[in-house]
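Student: below: sequence and its predicted model.
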Amino acid sequence: MARFLRPLLRGTTYTRLLHLWVPTLVVGTWMWVNMAWWWMPAAALMPLGLVPTVRRGEGVQARLLLTPGQPDSGISVRPSATWRDWLRTVLWLEVRMALGALTAYSCVWLPVLSIELASTAWGRSGGDIPWLQDAHGAFAVLAPLPLVALYGVVVGLGELVTVLARRLLGPSPAERLAALEERTDQLLERNRIARELHDSIGHALTVAVVQAGAARTAGDPAFTGRALDAIEETGRAALEDLERVLGVLREAERPVRGRPTLVDSDKLLESARVSGAKADAELTGPLDRVPGPVSREGYRILQEALTNVLRHAGPVPVRVRIGVTDATLVLEVRNPLPAGLSGPGRGSGLPGIRERAALLGGRARTGPDDGDWQVHVQLPLR
């Protein structure tokens with residue numbers, strides 16, 4: 001019984017009832033003026049549904065009253081853009097008016113019928129209802145039935161109008177595609193930001209850990225000073241990257257500016273050298289002519305590759321080769337393969353390198369190669 005009465009305790013039941021009643025206000029007013037032309041309101045809805053903004057207004061009203069508090073209601077709030085949208089809007093207006101009239105009629109006459117049944121059971125005449133002219137006590141058993149029917153009308157038509165709203169006011173295929181593209185763009189942006197944070201902060205922490213460990217074991221004040229300088233410089237750069245990424249999160253429409261490019265790769269190589277790695281770099285071609293997106297992603301790939309060297313191999317010789325031609329950027333990082341390491345770890349660094357390369361239409365190859373660990377990336381420039 002409690003489950004049966006639960007819909008009566010939900011506010012949604014009554015907001016849906018209000019939504020169904022709204023069209024009857026117009027119909028009732030018109031029929032008060034001219035009962036003979038009762039069909040005029042329904043006819044007037046046809047040209048009204050062809051107005052593009054009517055669909056938006058109906059969508060906003062349906063979201064507010066039919067699906068209150070639901071973030072994904074399945075109801076569009078965009079104006080009509082195609083003939084299909086216009087026809088669906090017209091059909092929705094007609095259906096809504098018909099269901100509203102049925103609801104209003106039921107809400108008036110079903111309670112009246114229940115009262116008449118109860119009155120007849122107590123010996124009073126049933127008014128204008130022919131089969132209630134003779135009083136009978138058995139009518140007391142029938143008196144609750146119209147109220148049960150009213151419950152079914154209110155709850156059932158509320159559910160029905162919500163289902164129809166999702167069908168007739170729901171997003172069109174073009175709107176679904178646009179929403180999917182927007183969602184995809186958001187996911188790509190989140191993944192890009194996650195990679196930015198992983199590469200920048202991960203590199204800074206790796207350098208700091210390596211430098212701190214080396215300074216503790218060296219016992220040389222001069223070396224300790226250089227290590228602290230390296231930690232300070234790397235930490236400052238990481239803070240700048242963090243501020244830039246947080247700025248993107250605060251202002252989604254603001255473009256990313258000031259991100260490091262391959263022109264700044266000397267900082268990464270110097271940071272690796274200060275951490276103990278013997279970095280040997282070979283740079284060929286004009287780095288300053290590499291397109292911005294390719295140069296920025298190339299910098300992050302180099303940063304992640306050097307971070308992996310420091311994290312997994314330690315202060316070992318590293319060979320870095322960056323070559324720029326008319327059509328391709330080639331970036332290669334090689335270091336001796338540490339003993340006991342035969343494959344990649346479980347982190348997100350190497351998958352991030354491959355993702356960055358794939359997004360730019362390039363390819364990345366990582367893994368053992370002739371006794372070395374190799375990160376080889378090719379990115380198209382056009």
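Tutor: Looks like it came in fine.
Student: can you check the pLDDT for residue 379?
Tutor: The model reports residue 379 with a pLDDT of 91.
Student: how far is stretch 364-373 from where the chain is centred?
Tutor: Distance of stretch 364-373 from its chain centroid, counting by CA atoms, centre = their mean, to the nearest Å, is 38 Å.
Student: swap in stretch 289-302?
Tutor: 28 Å.
Student: what's the answer for stretch 205-223, then?
Tutor: The answer for stretch 205-223 is 44 Å, by CA atoms, centre = their mean.
Student: OK, contacts around residue 64?
Tutor: residue 15 (CB atoms under 8 Å, 6 or more residues apart in numbering). To be clear about C-beta, it is placed using only N, CA and C from the backbone, and glycine gets the same treatment.
Student: element containing it?
Tutor: helix 52-65 (DSSP states H and E).
Student: and residue 21, by the same measure?
Tutor: Going by DSSP H and E, residue 21 is part of helix 11-33.
Student: how about residue 145?
Tutor: Assigned by DSSP H and E, residue 145 falls in helix 144-168.
Student: what is that helix packed up against?
Tutor: helix 11-33, helix 83-121 (3 or more CB pairs under 8 Å, 6 or more residues apart in numbering; DSSP states H and E).
Student: how many other residues sit next to residue 63?
Tutor: Neighbours of residue 63 under the rule other CB atoms under 10 Å: 19.
Student: pLDDT score for it?
Tutor: Looking at residue 63, its pLDDT stands at 91.
Student: with residue 19 instead?
Tutor: Reported pLDDT for residue 19: 91.
Student: all strands of this protein, in order?
Tutor: Counting by DSSP state E, the segments of the chain that form strands are 278-284, 317-324, 328-336, 363-369, 372-380.
Student: can you say which of those strands is nearest to residue 114?
Tutor: strand 363-369 (75.4 Å; CB to CB).
Student: got the buried residues for that closest one?
Tutor: Across strand 363-369, burial judged by 16 or more other CB atoms under 10 Å covers 364, 366.
Student: quick revisit: deepest-packed of the helices and strands packed on helix 144-168, please.
Tutor: Each of these was scored by mean neighbour count; the highest is helix 83-121, a mean of 18, by mean count of other CB atoms under 10 Å.
Student: tell me the angle that helix makes with helix 144-168.
Tutor: 180 degrees (axes from the mean of the first three to the mean of the last three CA atoms, to 10 degrees).
Student: counting contacts, what elements does helix 83-121 pack onto?
Tutor: helix 11-33, helix 40-48, helix 52-65, helix 139-142, helix 144-168.
Student: hmm, 6 Å instead?
Tutor: Contacts defined by 3 or more CB pairs under 6 Å, 6 or more residues apart in numbering; DSSP states H and E place helix 83-121 against helix 11-33, helix 40-48, helix 139-142, helix 144-168.
Student: run the chain-centre distance for it.
Tutor: 38 Å.
Student: likewise for stretch 227-238?
Tutor: 36 Å.
Student: okay, buried residues for that stretch please.
Tutor: So stretch 227-238, judged by 16+ other CB under 10 Å, has buried residues 227, 230-231, 233-234, 237-238.
Student: hmm, who's touching it?
Tutor: 200-201, 204, 207-208, 211, 215, 271, 274 (CB atoms under 6 Å, 6 or more residues apart in numbering).
Student: could you redo the last one with a cut-off of 8 Å?
Tutor: By CB under 8 Å, 6+ apart, stretch 227-238 touches 200-201, 203-205, 207-208, 211-212, 214-215, 218, 267, 271, 274-275.
Student: now, among these, which is nearest to residue 378?
Tutor: The closest of the contacts of stretch 227-238, once distances to residue 378 are taken by CB to CB, is residue 203, at 22.5 Å.
Student: the nearest residue in space to residue 275 that is not next to it in sequence: what's it in contact with?
Tutor: Excluding the flanking residues, the one nearest residue 275 by CB to CB, 6 or more residues apart in numbering is residue 210, at 4.6 Å. Residues in contact with residue 210 (CB under 8 Å, 6+ apart) are 275-276, 310, 314-315.
Student: change it to 7 Å
Tutor: 275-276, 310 (CB atoms under 7 Å, 6 or more residues apart in numbering).
Student: what's the answer for residue 298, then?
Tutor: Residue 298 neighbours (CB under 7 Å, 6+ apart): 262, 329, 331, 379.
Student: recalculate using a threshold of 6 Å.
Tutor: Contacts of residue 298 by CB under 6 Å, 6+ apart are 262, 329, 331.
Student: any idea how far it is from residue 201?
Tutor: Relative to residue 201, residue 298 is positioned 19 Å away (CB to CB, to the nearest Å).
Student: next: residue 148.
Tutor: On the measure of CB to CB, residue 148 and residue 201 end up 64 Å apart.
Student: who has more neighbours, the two?
Tutor: residue 201 (16 against 12).
Student: residue 3 - how many residues pack around it?
Tutor: Quick note: residue 3 (other CB under 10 Å) scores 6 neighbours.
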